[in-house]
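Participant: after the sequence you'll find the predicted model.
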Amino acid sequence: RFVRYFIPTEKDGILSYSFDNSRIWKIPTEFNKNAGRINYDAARDVMYLTGPLPEAAWTMVAGDKEKPDSRLVGNAIARFDGWMKSTPADAHPDTLSDPPKATWVREIPFDSTRNIDRHAAMDMPVMMTAEGDYVFMGYARIGRIRVYRADTGAFVGLWELGPSLRIEDQSKNDMLSNSPLNYGLMDSPIGLRVMHRADGSYVLTYHDNFLSHTALYVWRPDARPTAPVWDLKAALAGTSDKPTVELTWTAAEGAKSYQIERLLASGAERWTIIADSVTEPHYTDSTGLKPGVTVFYRLRTRTANGDWSDYSNVKYAR
């Protein structure tokens, strides 16, 4: 229930760490008892922490009654500027210091009612890393990564692996089915790595330790319009013999039109474009749907210059 930082000492090109050359801080009051992940930017003296908010009914401390999966990071990220400056340079390694007040605190999507190994819930964060101008949160399913601005904590967008990248599984275990919800399973706290390149782009690797492959994303923040990735919704409508699906989303800044794609779970192997020039943030799909058959949707935006955004989040209806 504290944060300890070991200050490296260099001799003959070798870094060493010792208890005598360390500092210790209380868990910030922005969190409830504990912190989940830690990322310190020594060049800027900025600390990023994740953990449960004070009002959360649970913590990640062993023995608590309403303890979620211990691999989860919590339901918030916080940034603390001037972290090392908040304690005297000659502070004793056992002297608890008060951390600085958070520059910002951002609540993140989090499902504390599920176990990573047994449920296909989407919002189970397990990884956090900060690089360049952004903070990246890795989630336990389908290669999902959420991005936030490092200076303000504002939400930027997300990625997730498409169903075409899933691995067909022959096991009879339901958890290992080849559903698009069950690939990209990650329960490691260090499975996400990000590198900020000189040209301004970011390279992200997300290692799937469940089905043993690594997803690599290359992101150019200023090269494409923001995709409406955060809130695509799909709702079943129509009648039992003639089903329809109502799609809605928040309009994306800079978007002239939207292209909508669909994947039927009844044997289709590829995404199919069902609408190419939608101008409003809603669409009704009524063609080729069958009762009881799960259908997946995604979309992307197009600017007036003809540039495409990344794909949105994937939603399904059945």
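Facilitator: Cool, got the structure.

Participant: ok so K85 is a strand residue?
Facilitator: No: under DSSP: H, G, I helix; E, B strand; the rest coil, K85 sits outside any strand and is assigned helix.

Participant: so who does it touch?
Facilitator: D45, P100 (C-beta atoms under 8 Å, 6 or more residues apart in numbering). For glycine as for every other residue, the C-beta is placed from the backbone atoms N, C-alpha and C.

Participant: check the spacing between it and Y134 real quick.
Facilitator: 24 Å (C-beta to C-beta, to the nearest Å).

Participant: my guess is K315 contacts T294, does it?
Facilitator: No: with contacts counted by C-beta atoms under 8 Å, K315 stays clear of T294, the gap being 11.0 Å.

Participant: what about those two, which has more around it?
Facilitator: K315 (19 against 14; other C-beta atoms under 10 Å).

Participant: gap between that one and E280?
Facilitator: 17 Å.

Participant: repeat that for P54.
Facilitator: P54 is 41 Å from E280, by C-beta to C-beta.

Participant: who has more neighbours out of those two?
Facilitator: P54 (12 against 9).

Participant: now do the SS call for that one.
Facilitator: coil.

Participant: what about A252, how many residues nearby?
Facilitator: 23.

Participant: actually R37, not the one I typed
Facilitator: Residues near R37, counting by other C-beta under 10 Å: 21.

Participant: quick one: contacts for the nearest residue to R1 once chain neighbours are set aside?
Facilitator: Distances taken as C-beta to C-beta, 6 or more residues apart in numbering place I27 nearest to R1, at 5.5 Å, with adjacent residues excluded. Shown in contact with I27 (C-beta under 8 Å, 6+ apart): R1, F2, V3, K33, N34, A35, G51, P99.

Participant: looking at those, state which has the most neighbours.
Facilitator: Result: G51 is most packed of the contacts of I27 (other C-beta under 10 Å), 25 neighbours.

Participant: show me the beta-bridge partners of that residue.
Facilitator: Following DSSP bridges, G51 is listed with bridge partners A76.

Participant: and the nearest residue to D41 once chain neighbours are set aside, how many neighbours?
Facilitator: Residue nearest to D41 in three dimensions, not counting chain neighbours: A130, with 6.4 Å by C-beta to C-beta, 6+ apart. A130 has 20 neighbours, counted by other C-beta under 10 Å.

Participant: over to the one 10 residues further on?
Facilitator: Residue crowding around A140 was assessed by other C-beta under 10 Å; the count is 30.

Participant: touching, it and D123? I think so.
Facilitator: No: A140 is beyond contact range of D123, at 9.0 Å (criterion: C-beta under 8 Å).

Participant: least confident secondary structure element in the protein?
Facilitator: Ranking every helix and strand in the chain by mean pLDDT, DSSP states H and E puts strand 213-219 at the bottom, with a mean of 78.

Participant: gap between that one and the chain center?
Facilitator: Centroid displacement of strand 213-219 relative to its chain, using C-alpha atoms, centre = their mean, to the nearest Å, is 14 Å.

Participant: tell me the first helix or strand C-terminal of it.
Facilitator: For strand 213-219, the following helix or strand on the C-terminal side (DSSP states H and E) is strand 233-238.

Participant: and that following strand, what does it pack against?
Facilitator: With contacts defined as 3 or more C-beta pairs under 8 Å, 6 or more residues apart in numbering; DSSP states H and E, strand 233-238 has these neighbours: strand 243-248, strand 315-317.
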